[in-house]
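In: I need the structure of the sequence given here:
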Amino acid sequence: MTKWRPTASLDNLRRRAQLLDRVRSFFAERGVLEVETPLLGAATVSDLHLSSLSCSGSAVAPDRALYLQTSPEFAMKRLLAAHGEPIYQVCKAFRDGEAGRLHNPEFTILEWYRPGWDHHRLMQEVDELLATTLATPPGERITFREAFQRHLGLDPLAASTPEVVQCATDHGFGCGCGLDGDDRDGWLDLLLSHCVEPHLGRGRPSLVHDFPASQAALARIRDDDPPVAERFEAWVEGLELANGYHELTDAAEQRQRFEEDLRRRRSRGLPEVPLDTRLLDALEHGLGPCAGVALGFDRLVMLACGATNIADVIPFPIDRA
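Out: Next up is the predicted model:
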């Protein structure tokens, strides 16, 4: 009989409101325009690791599904292509199958884009936002490779797939993990989340950059030896907080990545999803160099409140929605 009650305390809700006001002031002072884009869209992400929520039977779209957006990224890039101004947004986002201590299927995301910037300059702004909202000291910048070498003694870019699997086995992750022996990125993700991530952001933020090219997602790939994705993630006290890119702006390459995602989804028996052709049209129109980042606002509030469960900072998680 208590399911009607909110899970977040009034003090935490007040702190949440204060942080939201601080975020808006941060961007207003820097001349970044706040925008709103649709939460429902005709297309959704093709990323294998994200599952979208959809609805059907809409009066305006009776013959097709509409998707609750996993982030406002695609629509915000269309705005960038049209106007070329720095923009940010605080909104709800939705991901199916994500519920637990750190996840809720409906969550709040802060996302912003900086035309003319690369991921290094954006990392600096993320660091400044964290200092403003959480009073953190200046963060460390460390490459993905350096993070693995420091905490695992493994070079994730040069090691063979069997060597990566052996490293995971040596740390207690062998049979029963549900990963194929040739799923290199899957094993690297496992090592990152269980063996590297707990050490990140301790005492100061960690901004990990230059991911393996195979994990580029929507980031540019730099032709190093070996190539790396111009992507970064931010951690504070072991909690993953943000994911940013030096954005891919080439329409042909973006289409190719989308189609490869669809091929891999089919091979794994995952649901088919429609490609966002409007985003591809915007990229063909022209999107200049830019960097963008998505930050989990609920997790930011958790850090500010010293909370260990997302339910402590949102009024009604999914089991009380």
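
In: When you work out contacts or count neighbours from here on, use the C-alpha atoms and nothing else.
Out: Noted.

In: Which positions in the helix or strand bottoming out on mean pLDDT in the chain come out as buried?
Out: Lowest mean confidence among the helices and strands of the chain (mean pLDDT, DSSP states H and E): strand 53-55, at a mean of 88. Neighbour counts over strand 53-55 (16 or more other Cα atoms under 10 Å) mark L53, S54 as buried.

In: Stretch 84-100 too?
Out: G84, E85, P86, I87, Y88, Q89, V90, C91, K92, A93, F94, R95.

In: just checking, which of those residues belong to strands?
Out: I87, Y88, Q89, V90, C91, K92, A93, F94 (DSSP state E).

In: Can you list the helices and strands that the least confident helix or strand of the chain packs against?
Out: strand 66-68 (3 or more Cα pairs under 8 Å, 6 or more residues apart in numbering; DSSP states H and E).

In: helices or strands next to the strand it packs on in the packing?
Out: Using 3+ Cα pairs under 8 Å, 6+ apart, strand 66-68 is in contact with strand 40-41, strand 53-55.

In: which SSE is C177 in?
Out: Assessed by DSSP states H and E, C177 sits outside every helix and strand.

In: for it, what are its contacts?
Out: With contact set as Cα atoms under 8 Å, 6 or more residues apart in numbering, C177 has no partners.

In: Report the separation between it and L192.
Out: 14 Å (Cα to Cα, to the nearest Å).

In: Just checking: what are the partner strands of the least confident helix or strand of the chain?
Out: In the sheet, strand 53-55 lines up against strand 66-68 (antiparallel) (DSSP bridges).

In: Please report how far G153 lies from D189.
Out: As judged by Cα to Cα, G153 and D189 stand 16 Å apart.

In: Ok, F316 next?
Out: From F316 to D189 the distance is 30 Å (Cα to Cα).

In: More neighbours: which of the two?
Out: F316 (17 against 14; other Cα atoms under 10 Å).

In: contacting residues around the residue lying closest to the more buried one once chain neighbours are set aside?
Out: Spatial nearest neighbour of F316, chain neighbours left out: P6 (5.4 Å); criterion: Cα to Cα, 6 or more residues apart in numbering. P6 makes contact with I314, P315, F316, R320, according to Cα under 8 Å, 6+ apart.

In: Next: V164.
Out: L154, P156, R184, W187, L188.

In: hang on, the earlier thing: format the helices and strands packed on strand 66-68 as a markdown table; extra columns: distance to R22.
Out: Putting the helices and strands packed on strand 66-68 into a markdown table (distance: least, Cα to Cα, whole Å) gives the following:
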| stretch | distance to R22 |
| --- | --- |
| strand 40-41 | 28 |
| strand 53-55 | 31 |
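
In: tell me which residues form a beta bridge with the residue nearest in space to the middle of the chain?
Out: Taking Cα atoms, centre = their mean as the criterion, N243 is the residue nearest the geometric centre of the chain, at 4.3 Å. Note on N243: beta-bridge partners E233, A294, judged by DSSP bridges.

In: tell me the contacts of it?
Out: R231, F232, E233, A234, V293, A294, L295.

In: And for P212, the neighbour number?
Out: Burial of P212 is recorded as 20 neighbouring residues (other Cα under 10 Å).

In: That one touches L157, doesn't it?
Out: Yes. Under the contact definition of Cα atoms under 8 Å, P212 touches L157, with a separation of 6.5 Å.

In: rewinding a little: can you pick out the most distant pair from the contacts of V164?
Out: Farthest-apart pair in those is L154 and R184; separation 13.4 Å (Cα to Cα).

In: What does the pLDDT read for R24?
Out: In this model, R24 is scored at 98, pLDDT.

In: Compute the number of surrounding residues for it.
Out: 16.

In: Please apply the same query to D11.
Out: A count of nearby residues for D11, using other Cα under 10 Å, gives 11.

In: and it, how far is that from P317?
Out: Taken as Cα to Cα, the span from D11 to P317 is 17 Å.

In: For the stretch 201-321 of the chain, which segments count as strands?
Out: 206-212, 221-222, 228-236, 239-246, 290-296 (DSSP state E, counting those that start in this stretch).

In: and of those strands, who's closest to T70?
Out: Set against T70 and scored by Cα to Cα, these come closest in strand 290-296, at 10.9 Å.

In: who's in contact with that closest one?
Out: So strand 290-296 is contacted by 107-119, 122, 241-247 (Cα under 8 Å, 6+ apart).

In: Equivalent analysis for stretch 26-37, please.
Out: Taking Cα under 8 Å, 6+ apart as the rule, stretch 26-37 contacts P72, A75, M76, E85, P86, I87, Y88, Q89, C91, L129, T132.

In: Good, we can wrap up now.
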